[in-house]
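>>> Structure of the sequence below:
(2 chains)
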Amino acid sequence: MKKTLWLIIAGTFVFNYLLAQGEVEMADAMRSNGKIYVVVAVACVVFAIITAYIITVDMKVRRLEKNNKK
Amino acid sequence: MNNLLRENWWKALAVILVFYTIIAGFLSAVPRLPILHETIRNLYFHVTMWFGMMLLMIVNLVYGVRYLSGSSIKDDIYAEESARTAMFFGVAGLITGMIWANYTWGAPWVNDPQLNGAAGTMLAYSAYFILRNAVADEHRRAKLAAIYSIFAFVMMIVFIQVLPKLTDSLHPGQGGNPGFNTYDLDSTMRWVFYPAVIGWALFGTWIMNLRIRLRLLSINKEQ
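Numbering: from 1, shown residues only, chains lettered A, B, ... in the order given. Coordinates of the predicted model:
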């Protein structure tokens, strides 16, 4: 009986230790105060500008193709 | 206007999917893993570069074979420009991989079969362009390049899909390392990863499309 009790206590300690190990550090603070949206906004602006640039190139090529057909 | 939409819907889809990747990629929940921490989100940006490259290399292979069966110089232009665009994606994949490796594996270049395989692939395709530049005659060049591109494609598959999986690699899913499935017990990352692959691949196709059209224009002008 005493042996099982000790086993349970030891087991709880081991389990707690494993749980504590399982907590992995992530950027939770950045997420909770909302600052991550700044990063998303910047990345989106960069991609939007690249897209706009490619669209203008596409339009230019289209115009050239039209002129070529004439 | 309707015609414009019918021809270009896939470009719009590419832009929408990449925007989705950026927004959902940063904000969605990811598995909490040691060593990787938040860098697991690189899956949406680094791995997709390699998928984009492989898709464009498939285009290169297909048009190489098409040239061999039809001897149309237009097919050769498609093949060359797809390989050029693919190289840009490959360089992006290498550089992003080096940054990621520096912070998770401790060095920008570790002696990993997947890394060396990727470098070998890039070298094999650099040789493709060197070969092209070495031959002056248009049709001879196209034929040689098409034959070499079949060889280079097989090398790429062996280098980055077969060899790393046979030996030990730090990359997931290889040599006893846990794969994508273990990283992602509840499959949340798939909802961003698969659209990201499609989005970046379509974006690469768009750039390739522009390069091909410009080349065709310059050829028409010469004639």
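>>> which residue ranges form the helices in chain A?
A:2-22, A:28-32, A:36-69 (DSSP state H).
>>> Could you do chain B as well?
B:2-27, B:46-70, B:73-104, B:113-134, B:138-157, B:163-166, B:180-183, B:190-222.
>>> Quick one: neighbours of the nearest residue to residue B:113 once chain neighbours are set aside, just the number.
Leaving aside its sequence neighbours, residue B:113 sits nearest to residue B:164 (C-beta to C-beta, 6 or more residues apart in numbering or on different chains; 4.3 Å). All C-beta atoms are positioned from the backbone trio N, CA, C, and that covers glycine. Neighbourhood size, residue B:164 [other C-beta atoms under 10 Å in any protein chain shown]: 23.
>>> residue in chain A nearest to chain B?
As assessed by C-beta to the nearest C-beta, chain B sits closest to residue A:24 within chain A, at 4.1 Å.
>>> what's that residue in contact with, if anything?
Residue A:24 sits next to B:32-34, B:37 when contact means C-beta atoms under 8 Å, 6 or more residues apart in numbering or on different chains.
>>> So which residues on chain B come close to chain A?
Applying C-beta under 8 Å from any C-beta of the partner chain, we find that chain B lies next to chain A at B:11, B:15, B:18-19, B:22-23, B:26-27, B:32-34, B:37-38, B:206-207, B:210, B:213-214, B:217, B:220-221.
>>> Return a ChimeraX selection command for the buried portion of those residues.
Listed next is the ChimeraX selection for buried residues among the residues of chain B next to chain A, using 16 or more other C-beta atoms under 10 Å in any protein chain shown:
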select /B:11,15,18,19,22,23,26,37,38,206,207,210,213,214
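>>> so which residue of chain B comes closest to chain A?
Closest point on chain B to chain A, by C-beta to the nearest C-beta, is residue B:32, at 4.1 Å.
>>> That residue and residue A:26 touch, don't they?
Yes. If you go by C-beta atoms under 8 Å, residue B:32 and residue A:26 touch, sitting 5.7 Å apart.
>>> got any ranges where chain A has weak pLDDT?
Applying pLDDT under 70 to chain A flags the ranges A:1-23, A:30, A:33-34.
>>> Pretty sure residue B:220 sits against residue A:70.
No. Taking contacts as C-beta under 8 Å, residue B:220 lies outside contact range of residue A:70: 11.9 Å.
>>> so who does the closest residue to residue B:197 other than its chain neighbours touch?
Excluding the flanking residues, the one nearest residue B:197 by C-beta to C-beta, 6+ apart is residue B:51, at 4.7 Å. Residues in contact with residue B:51 (C-beta under 8 Å, 6+ apart) are B:197, B:200-201.
>>> List buried residues within these.
B:197, B:200-201.
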